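1. Give the three-dimensional model of this entry:
(2 chains)
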Amino acid sequence: EVLLVESGGGSVQPGGSLRLSCEVSGFSFRDYWMQWVRQAPGKGLVWVARINSDGSGTTYGDSVKGRFTISRDNAKNTLYLQMDSLRDEDTAVYYCARDQVGVGATIDYWGQGALVTVSS
Amino acid sequence: VMTQSPVSLPVTPGESASISCRSSQSLLHRNGNNYLDWYLQRPGQSPQLLIYLGSIRASGVPDRFSGSGSGTDFTLQISRVEAEDVGVYYCMQSLQIPVTFGGGTRMELK
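-> Have a look, this model is predicted:
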């Protein structure tokens, strides 16, 4: 069974930092591109970042570029999202997601999400 | 920009429903594929993949769900709506970075 389990969410003040982790199981992590997608309370889905299978290539959404860093450790089957210079508008549930092989950025599996609250 | 309509869709169980997704740019790649997906987010749950490449049903998705369209205009059709189909439907384009989602269509039962 494919599982993606996020952790590391919580409350942080504006300007602070937080690192999310996503531990995966049930598939060969090193073979898949991965993504982060977020959803502010009561709002729609917003794409955050994507990383290729060996970690050598990353892309970011405009709203997080320069502040967030996506990375991975294939030996630990874990995806990360380092979030710096956090703002109120970064408050959201952050989903870890797996690319479907060979179909662009289509997402075939999602984690349950981790809530990040940015507030003073 | 991805524009979905309607924003809200009340449907009687057993009837059909249709959701539109329009892109400001063509999603047709030179390889002939349209890079447009449909997802359903049921209340309190994570999104799930329904349709990819415009018209291909994901594994385990009932054949009541069908996707069509090409270029800039796409449609998700749901026949014989059931209670489990309630939730918010999103389209997503992945032809270009950044990946972008439509604003969502909330489907509820009458």
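
2. tell me which parts of chain A are close to chain B?
-> Counting by CB under 8 Å from any CB of the partner chain, the positions of chain A adjacent to chain B are A:35, A:37, A:44-47, A:50, A:59-62, A:95, A:100, A:103-108, A:110-113. Just so you know, the C-beta spots here come from the backbone N, C-alpha and C atoms, and that holds for glycine as well.

3. Cross those residues against helices and list the overlap.
-> Among the residues of chain A next to chain B, no member is found in helices (DSSP state H).

4. of those, buried ones?
-> Applying 16 or more other CB atoms under 10 Å in any protein chain shown to the residues of chain A next to chain B, the neighbour count classes A:35, A:37, A:45-47, A:50, A:59-61, A:95, A:100, A:103-108, A:110-111, A:113 as buried.

5. who's in contact with the residue of chain A found nearest chain B?
-> Of all residues in chain A, A:Ala105 sits closest to chain B, at 3.6 Å by CB to the nearest CB. For A:Ala105, the contact set (CB atoms under 8 Å, 6 or more residues apart in numbering or on different chains) comprises A:33, A:35, A:50, A:99, B:35, B:94, B:99.

6. Show me the beta-bridge partners of the nearest residue to the last one once chain neighbours are set aside.
-> Ranked by CB to CB, 6 or more residues apart in numbering or on different chains and with sequence neighbours excluded, the top spatial neighbour of B:Val99 is A:Trp47, at 4.1 Å. According to DSSP bridges, the partner residues bridging A:Trp47 are A:Val37.

7. sorry, back to before: can you flag which of the contacts of A:Ala105 belong to strands?
-> In strands, defined here by DSSP state E, the members of the contacts of A:Ala105 are A:35, A:50, A:99.

8. show me what contacts the nearest residue to A:Val64 once chain neighbours are set aside?
-> Nearest residue to A:Val64, sequence neighbours excluded (CB to CB, 6+ apart): A:Val48, at 5.7 Å. A:Val48 makes contact with A:35-38, A:60-61, A:64, A:68, A:70, A:81, A:94, according to CB under 8 Å, 6+ apart.

9. Could you give the bridge partners of A:Tyr109?
-> If you apply DSSP bridges, the partners that A:Tyr109 bridges to are A:Arg98.

10. Can you verify my assumption that it contacts A:Leu4?
-> Yes: with contacts counted by CB atoms under 8 Å, A:Tyr109 reaches A:Leu4, the gap being 6.0 Å.

11. list residues touching both of those two?
-> A:97-98.

12. Of these two, which one has the most company?
-> In terms of neighbours (other CB atoms under 10 Å in any protein chain shown), A:Leu4 is the more surrounded of A:Tyr109 and A:Leu4; the figures are 23 against 20.

13. For that one, list each beta-bridge partner.
-> A:Val24.

14. Can you say which helix or strand has the spatially closest residue to B:Gly69 that is not a sequence neighbour in it?
-> If the residues on either side of it in the chain are set aside, B:Gly69 comes closest to B:Thr75, at 5.4 Å by CB to CB, 6+ apart. Following DSSP states H and E, one finds B:Thr75 within strand B:73-78.

15. Give the burial count for the residue in chain B that chain A sits nearest to, as a bare number.
-> Going by CB to the nearest CB, chain A is nearest to B:Ser94 of chain B, at 3.6 Å. When neighbours are defined as other CB under 10 Å, B:Ser94 has 24 of them.

16. Can I get whichever strand or helix holds B:Leu40 in CSV, CA atoms only?
-> Per DSSP H and E, B:Leu40 falls inside strand B:36-41. Taking C-alpha atoms only, strand B:36-41 is exported to CSV below (Å, rounded to 0.1, in the frame of the first residue of the first chain):
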residue,chain,number,x,y,z
LEU,B,36,-5.3,18.4,-17.8
ASP,B,37,-6.3,16.5,-14.8
TRP,B,38,-9.5,16.3,-12.6
TYR,B,39,-9.4,15.7,-8.9
LEU,B,40,-12.1,15.2,-6.3
GLN,B,41,-11.7,16.4,-2.7
